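Novice: task: produce atomic coordinates for the following.
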Amino acid sequence: MFPDSSSAAHAEPALLSDSLSVEDVRAIVARDRIDPWRAPDVSSGKGQSDENFPVGSVLFAPALRNHVHAYYDFARFSDDVTDSDQLTPEEKVARLDAMEDIVHGRAEAPDRKDARSAARVREMLLRTGLPFEVATDLLVAFREDAVKSRYGSQAELDRYCRYSANPVGRFLLGLHGESDRTFPASDALCTSLQILNHLQDCQKDLLLLKRSYVPLDLLVAQGLGVEAVLENTTSPSLRRVFDIMLDETDRLNGVALGLLRQVRDRRMRMYCGAVVKLAHLLTARLRVGDPLAERVALTKADFARAALAALGGWKN
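Specialist: Now for the predicted structure:
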């Protein structure tokens, strides 16, 4: 069901839009002997309530919830590293590599929250028998975020989502004993959710993180640059860019519907039904809402509709 998890860190994909690759930064880390734990812990304190979609869902069996929490904490602490304005790119890559070493058992975790999250996810993976890649693939994306700030095309963004989002779905499906035939639909859903989040936060990402996940080729085709998302409202040209991206999420959401037929575990099928419904609803909201003028978000009514969709998963 899963690829071999015994190998060392993945070879990092080439980066197309920025001058330094992850491997370039690693060379600087080695040259300057940067201690990954020298800089402070930069954990943000964000919790599961800060997420768009349910993380520690009551739909998960009680016996599995601690595993989900361990995975979420690892992802959150790792994401905090790459989003920190207190760390240099070299310090970020060094720390994320050190966290991967802990996951693989190549190093002991120092007594601090970020490192301990890596130790806990290792314990969880050993206990469940899930492949280490469901955790370490996330680090590929987080390291990329440390050095890369632009995406040239939708294909380039999709490759980023392959590491930043898709492992989450594969983790949850594996945890529930689902077969790898569910992975294509899950990957589609996770990529859709990631793109939707990028659209929601496109202005904030550029202002605070200096990153843009809006494909450059789409912007150029409309005579725009990344700074177009800094306006107070969305221009007609930028609206066309957003609509093209939403066309892609519509396509992905259609593929994701396959989960409702393929997932065998009833609780997981209910969860998938809810999240697929939320993805469709958020896509529709971003079609008519303006993410530059306000945060386009799901409503209580949307979550109620998702609950009904979850009940449909129970009956199937």
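
Novice: against residue 89, how distant is residue 19?
Specialist: Separation of residue 19 from residue 89 (C-beta to C-beta, to the nearest Å): 11 Å. Just so you know, the C-beta spots here come from the backbone N, C-alpha and C atoms, and that holds for glycine as well.

Novice: please identify which of these two sits among more neighbours.
Specialist: residue 89 (20 against 8; other C-beta atoms under 10 Å).

Novice: for the more buried one, which non-adjacent residue is closest in space?
Specialist: Leaving out its chain neighbours, the residue that sits closest to residue 89 by C-beta to C-beta, 6 or more residues apart in numbering is residue 146, at 4.8 Å.

Novice: which ones are touching the one you found?
Specialist: 22, 25, 82, 89, 92, 93, 96 (C-beta atoms under 8 Å, 6 or more residues apart in numbering).

Novice: tabulate those residues (JSON lines), appending secondary structure.
Specialist: Output for those, formatted as JSON lines (DSSP: H, G, I helix; E, B strand; the rest coil):
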{"residue": "22", "secondary structure": "helix"}
{"residue": "25", "secondary structure": "helix"}
{"residue": "82", "secondary structure": "helix"}
{"residue": "89", "secondary structure": "helix"}
{"residue": "92", "secondary structure": "helix"}
{"residue": "93", "secondary structure": "helix"}
{"residue": "96", "secondary structure": "helix"}
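
Novice: got a winner among the residues you listed for most neighbours?
Specialist: residue 93 (30 neighbours).

Novice: now for residue 279: which residues touch it?
Specialist: Listed by C-beta under 8 Å, 6+ apart, the contact set of residue 279 reads 189, 192, 193, 196, 249, 253, 256.

Novice: helix or strand for it, which one?
Specialist: helix 266-288 (DSSP states H and E).

Novice: again with residue 142
Specialist: In the assignment (DSSP H and E), residue 142 maps to helix 133-147.

Novice: how far off centre is that helix?
Specialist: 9 Å (C-alpha atoms, centre = their mean, to the nearest Å).

Novice: what's the first helix or strand after that helix?
Specialist: Going down the chain from helix 133-147, the next helix or strand is helix 154-164, by DSSP H and E.

Novice: give me the contacts around that next one.
Specialist: With C-beta under 8 Å, 6+ apart as the test, helix 154-164 has contacts from 13, 16-17, 137-138, 140-142, 144, 151, 187, 190-191, 194-195, 198, 213, 215, 217-218, 245, 248.

Novice: switch the cut-off to 7 Å
Specialist: 13, 16, 137-138, 140-141, 144, 151, 190-191, 194, 213, 215, 248 (C-beta atoms under 7 Å, 6 or more residues apart in numbering).

Novice: now the angle from it to helix 133-147?
Specialist: In terms of direction (axes from the mean of the first three to the mean of the last three C-alpha atoms, to 10 degrees), helix 154-164 departs from helix 133-147 by 130 degrees.

Novice: going forward, begin numbering at 8 instead of 1
Specialist: Sure, I'll start numbering at 8, so the last one becomes helix 161-171.

Novice: what are the buried residues along helix 161-171?
Specialist: Buried residues in helix 161-171, counted by 16 or more other C-beta atoms under 10 Å: 161, 163, 164, 165, 166, 167, 168, 169, 170, 171.

Novice: give me the pLDDT for residue 321.
Specialist: If you check residue 321, the pLDDT there is 76.

Novice: gap between it and residue 184?
Specialist: 18 Å.

Novice: can I have stretch 218-237 written out in CSV, keeping just the CAs?
Specialist: Extracted C-alpha coordinates of stretch 218-237, given in CSV (Å, rounded to 0.1, in the frame of the first residue of the first chain):
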residue,chain,number,x,y,z
ARG,A,218,5.1,34.6,-0.9
SER,A,219,2.7,34.3,-3.7
TYR,A,220,1.1,31.0,-4.7
VAL,A,221,-0.9,32.6,-7.6
PRO,A,222,0.8,31.1,-10.8
LEU,A,223,2.9,33.7,-12.5
ASP,A,224,1.9,32.6,-16.0
LEU,A,225,-1.8,33.3,-15.3
LEU,A,226,-0.9,36.8,-13.9
VAL,A,227,1.3,37.6,-16.9
ALA,A,228,-1.4,36.5,-19.3
GLN,A,229,-3.6,39.2,-17.8
GLY,A,230,-0.9,41.8,-17.7
LEU,A,231,-0.5,41.6,-14.0
GLY,A,232,2.2,41.0,-11.4
VAL,A,233,2.0,39.5,-8.0
GLU,A,234,1.4,42.9,-6.4
ALA,A,235,-2.1,42.9,-8.0
VAL,A,236,-3.3,41.1,-4.8
LEU,A,237,-2.3,44.1,-2.7
